[in-house]
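# Need a 3D model of the sequence below.
(chains A and B)
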Amino acid sequence: MTDALHAVNLTKTYGAGALAVRALDGVSLTIARGTVAALLGPSGSGKSTLIKALGFVSPADTGEVHFAGRLVVKDGVPLADLAALRRRHLGFVFQKANLTSFLTARENVELACEFGGKPDGKRRARELLEYLDIAGRARSYPEMLSGGEQQRVAIARALANEPSLILADEPTAALDSVRSRNVMELFRKVAHDRGAAILVVTHDHRALDVFDVLYEMEDGRVRPRASAPHAA
Amino acid sequence: MNLALRDVRRHLARFAGTAAGLGLLLSVVIAMQGIYAGMVDDATILTRAMHADLWLVQRDTRGPFAEGSRLDPSVEGRAAAVPGVRSARPYTYQLLQRAHRGAVLRIALVGLGWPDDPGRTLPLVRGRRLQQAHGEMIVDASLGLGVGATLTLAGEPYRVVGLTKNALTSGGDSVAFVTVADAELIALDQPAEAALLERQRVVERLRRTDLGRGQPALADLATDPRWRPPALASPPVAAVLVEADPHRLAEVRQVMRSWGDVTVYSQAEEEALLLAGVVQRARMQIGLFTVILTITAAVIVMMVIYNLTLEKTHDLAVLKLMGAPRPRLLGLVLQQAWLLGALGYAVAWGLGALLFPQFPRRVLLTDAIALVAPLATMAIVTLASLLGLAHVLRIDPSRALEG
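Below you'll find the predicted structure:
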């Protein structure tokens, strides 16, 4: 499997002097296409900072990020148009669905298709909503959907631009255990069906068997956890 | 996908309410501009309606509108005799306030030089010009009198024979036109008791002279209201209006300027006197008020658009995180501002069409206002959206990743 994302020795420090906090301390990790990786760790361990760095939102101070084999960020300096990269190759799923409030479910997905430069966004949005079994609520606004429905629409949106990498930040935090597992299995299905690399930040240890790779994060450092049941 | 329209569709009632509020505010700004334009037009319409090339007024005065002017009526004949003059006619001007059928009428009474001038230059909308020397008048429609109505002035009935439109003074008073002779009658009108006392004083003064004592019949003559001593001059006029051959106008003016008892103004100078003197203060006040209102509208629109943008901060952060191109997000704010401006302007114009005709002062929506007001509205909303646009640029996409 080819690597979708490869991070090397990322560091990030907030503050300065005695108040300095090292959020990332030499983080290196690789996520291959078609795999679902979990990033575990307690609050304050640096997971969100890492997601921001890997999602090209807030670069690390030092280190390198390679995307699809290409060096795109080096020592905090972007070497590519990061917004365009996010638009065309990345998908995000959040703890809250974070759907655009003034667009219907279908329009949320359609807009992501448009940003990703995918033709026939309407048809694609309909197909994705059907794939995620939420087509019946296509014309509903986010506030009319339940938490689980919103999250499914958010996943459809994240898939709209056929991303190489999906970053999910605690996507099941607001869901009950059944729906949490459904969402995690959905990620696995997406990764395997569509060949996307998926990194899921989670506290939820009930569905770890779904993941191909487990990473554990503590004090800004990441290390692989051995007990990933689906590890190759 | 047009995000601005999608957002408006979702919050239609609130957006429509905001546009209506903005429309009300803009209608006040447009009304102020219209009142100002109406005031300027009112100030000059009366001079323009007279179609005079030159206005001869009392020496060293700025009459007859900006201040009083008393000109000997002989100036009319003198002016008519100047080579190059086509016509010279007397003109009087006075303000009256009379009760009529329970209402108070404020009238600017203009005397026309009958029979040479029966009101031929007046813009009549109904009826006809003056056809007799006494007892007829042409009035502005704003006075509320129809053709055939009768108004009693100086104890005598005056029948309305014609109506003008928008013949108003700078103060907004309606103008009525009568012959100069009638205007003098009305101006010199006295109550019966005052006339009696005046006659008694004349007789007593006469009896104290040798002439009066030697010719007692003179006392009877002096008390006869129909008699006028031939040695006495006619009452003064306010101005003499001169029309001249266009190619000899400068020459005519040069001759008249050499006369010691008159000051000569061209049509444009007479208008300038009105605008600079009579209207200037009101003009400045309305201008200042308009500026304050415009700034107020701009600030309110700015805050409305800023708040609309602020409410969408999280949505915008998510869109930024998804890699939305910057012009799309800026376009969302700008298009909403423009839509708000366009709707607000439409509301203002509609309100104006309904309400402005009911205003006590004339609200004149000139072509310039019709052209500039929408452009200014769009410029204001564009400027007002700057704060919102700056906010969009400042939004950190990583906010979308936080809780």
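
# For chain A, what lies in contact range of chain B?
When proximity is defined as C-beta under 8 Å from any C-beta of the partner chain, chain A approaches chain B at A:48, A:51-52, A:55, A:57-58, A:83-88, A:90, A:92, A:94-96, A:98-103, A:107, A:110-112, A:114-115, A:141, A:157, A:169. In short, each C-beta sits where N, CA and C put it, glycine included.

# Helices - which of the residues you listed land there?
Judged by DSSP state H, those include A:48, A:51-52, A:83-88, A:107, A:110-112, A:114-115, A:157 as members of helices.

# Just the buried subset of those, please.
For those, a burial check counting by 16 or more other C-beta atoms under 10 Å in any protein chain shown picks out A:48, A:51-52, A:83, A:85-88, A:107, A:110-112, A:114-115, A:157.

# longest helix in the chain, by residue count?
In the absence of a named chain, chain A is used. helix A:177-194.

# right idea, wrong chain: chain B
Secondary structure of chain B per DSSP H: the longest helix is helix B:12-49.

# Using the three-state scheme, assign the most centrally placed residue in chain A.
The centroid of chain A falls nearest to A:Leu167 when counting by C-alpha atoms, centre = their mean (0.9 Å). Under DSSP: H, G, I helix; E, B strand; the rest coil, A:Leu167 falls in the strand class.

# Quick check: closest non-adjacent residue to it.
Leaving aside its sequence neighbours, A:Leu167 sits nearest to A:Gly55 (C-beta to C-beta, 6 or more residues apart in numbering or on different chains; 4.9 Å).

# what residues are up against whichever residue of chain A sits closest to chain B?
For chain A and chain B, the shortest gap (C-beta to the nearest C-beta) falls at A:Arg87, measuring 2.8 Å. A:Arg87 makes contacts with A:Phe115, A:Gly116, A:Gly117, A:Asn161, B:Met322, B:Gly323, B:Ala324, B:Pro325, as judged by C-beta atoms under 8 Å, 6 or more residues apart in numbering or on different chains.

# mind listing what the closest residue to the fourth one other than its chain neighbours touches?
This points to A:Asn161. Spatial nearest neighbour of A:Asn161, excluding adjacent residues (C-beta to C-beta, 6+ apart): A:Gly116 at 2.5 Å. By C-beta under 8 Å, 6+ apart, the residues touching A:Gly116 are A:Arg87, A:Arg88, A:Ala160, A:Asn161, A:Glu162, A:Pro163.

# now do B:Val104
Going by C-beta under 8 Å, 6+ apart, B:Val104 touches B:Gln97, B:Arg98.

# Mind telling me what element it is part of?
In the assignment (DSSP states H and E), B:Val104 maps to strand B:103-112.

# From the chain's centroid, how far away is that strand?
Centroid separation for strand B:103-112 versus its chain: 15 Å, with C-alpha atoms, centre = their mean, to the nearest Å.

# That one pairs with which strands?
Using DSSP bridges, the strands paired with strand B:103-112 are strand B:85-100 (antiparallel), strand B:174-179 (parallel).

# and after that strand, which helix or strand comes next?
strand B:124-127.

# which parts of that following strand are buried?
Going by neighbour count (16+ other C-beta under 10 Å), the buried part of strand B:124-127 is B:Leu124, B:Gly127.

# How many residues are close by residue 220?
As the question left the chain open, I've gone with chain A. Using other C-beta atoms under 10 Å in any protein chain shown, A:Gly220 has 23 other residues around it.

# Chain B is the one I meant
B:Asp220 has 10 neighbours, counted by other C-beta under 10 Å.

# quick one: it and B:Gly212, what's the gap?
Distance, B:Asp220 to B:Gly212, by C-beta to C-beta, to the nearest Å: 11 Å.

# circling back: for the contacts of A:Gly116, work out which two are farthest apart.
A:Arg87 and A:Glu162 (12.0 Å; C-beta to C-beta).

# Export only the CA atoms of the helix or strand of chain A with the lowest mean pLDDT, formatted as PDB.
Every helix and strand in chain A was compared by mean pLDDT, DSSP states H and E; the lowest is helix A:177-194, with a mean of 80. The C-alpha trace of helix A:177-194 is given here as PDB (Å, rounded to 0.1, in the frame of the first residue of the first chain):
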ATOM      1  CA  SER A 177     -22.200   3.100  21.800                       C
ATOM      2  CA  VAL A 178     -24.200   1.600  18.900                       C
ATOM      3  CA  ARG A 179     -24.000   4.600  16.700                       C
ATOM      4  CA  SER A 180     -20.300   5.000  17.600                       C
ATOM      5  CA  ARG A 181     -19.500   1.600  16.400                       C
ATOM      6  CA  ASN A 182     -21.600   2.100  13.300                       C
ATOM      7  CA  VAL A 183     -19.600   5.200  12.500                       C
ATOM      8  CA  MET A 184     -16.200   3.500  13.100                       C
ATOM      9  CA  GLU A 185     -17.300   0.600  10.900                       C
ATOM     10  CA  LEU A 186     -18.300   3.100   8.300                       C
ATOM     11  CA  PHE A 187     -14.800   4.600   8.400                       C
ATOM     12  CA  ARG A 188     -13.400   1.100   7.900                       C
ATOM     13  CA  LYS A 189     -15.700   0.500   4.900                       C
ATOM     14  CA  VAL A 190     -14.800   3.800   3.400                       C
ATOM     15  CA  ALA A 191     -11.100   3.100   3.800                       C
ATOM     16  CA  HIS A 192     -11.300  -0.300   2.300                       C
ATOM     17  CA  ASP A 193     -13.800   0.500  -0.500                       C
ATOM     18  CA  ARG A 194     -12.400   3.800  -1.600                       C
END
